[in-house]
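> any chance you can model this:
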Amino acid sequence: GSSSSSNSSRTSTSASVSSPQNTTLPTASSSSPTANESILRFLLLPSQVVIVLLLEFLNSFRSFGLRFIQYNYITNEFGIGDIQAGAILGIKGFVDIAFGLAGSILVDIVGVRRVSVVALSVAIIGRSLMAFGRSRISLYLALFLFS
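Here you go, the predicted structure:
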């Protein structure tokens, strides 16, 4: 009697495992966290992650926000023509690429935090030169050296 019940339990177990009709997949709504859980997870991140996210947020304004007005600022405030402004901003693009490559190498050598702090400090100097400098020398320093 006991061997037949053991055989039937093995068959039903193996049938339920191998049968694709018996498997249920979790739906997206059941596995995704709620908004409160997501906020709680964000608040529980280590402070270093929060600092990096803050620096990245500020960097997005520095880079992308300024690009929209930079051409008009250069042509209107400094009296630079369209072709020369285009050339200046093209050179600035190449300088940004070079600084990006150098920065990525420095991150590997000295670490993310140090490079982020130095880059943000350099950016503050560059934006200050751009905002308060009134000569073309200050413009070129801001765009090419402190960009």
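
> nearest residue to the middle of this protein?
Nearest to the mean C-alpha position of the chain, counting by C-alpha atoms, centre = their mean, stands residue 56 at 5.7 Å.

> mind checking pLDDT for that one?
According to the prediction, residue 56 has pLDDT 83.

> how about the one 10 residues further on?
Per-residue confidence at residue 66 stands at 77 (pLDDT).

> sec struct for it, please.
helix (DSSP: H, G, I helix; E, B strand; the rest coil).

> give the burial count for residue 129, as a bare number.
Neighbour count of residue 129, defined by other C-beta atoms under 10 Å: 19. For every residue, glycine as well, the C-beta is placed using N, CA and C.

> how about it, phi and psi?
phi -60, psi -40 (degrees, to the nearest 10).

> tally of neighbours for the spatially closest residue to it that is not a sequence neighbour?
Nearest non-adjacent residue to residue 129, counting by C-beta to C-beta, 6 or more residues apart in numbering: residue 142, 3.8 Å away. Neighbourhood size, residue 142 [other C-beta under 10 Å]: 20.

> what separation is there between residue 142 and residue 132?
Using C-beta to C-beta, to the nearest Å, one gets 10 Å for the distance from residue 142 to residue 132.

> quick one: least confident helix or strand in the chain?
Between all helices and strands in the chain, the lowest mean by mean pLDDT, DSSP states H and E belongs to helix 2-18, at a mean of 46.

> counting by contacts, list what the helix ranked longest in the chain packs against.
The single longest helix within the chain, with elements called by DSSP state H, is helix 82-110. Helix 82-110 is packed against helix 66-78, helix 112-132, with contacts defined by 3 or more C-beta pairs under 8 Å, 6 or more residues apart in numbering; DSSP states H and E.

> would you mind giving the ones you listed as a markdown table with distance to residue 42 added?
Shown next, in a markdown table, are these (distance: least, C-beta to C-beta, whole Å):
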| stretch | distance to residue 42 |
| --- | --- |
| helix 66-78 | 28 |
| helix 112-132 | 19 |
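
> nearest to residue 47, out of the ones you listed?
Residue 47 lies closest to helix 112-132 among the helices and strands packed on helix 82-110, at 11.2 Å (C-beta to C-beta).

> how about residue 74, nearest residue that isn't a chain neighbour?
Computed as C-beta to C-beta, 6+ apart, the closest residue to residue 74 that is not its neighbour in sequence is residue 85, at 4.8 Å.
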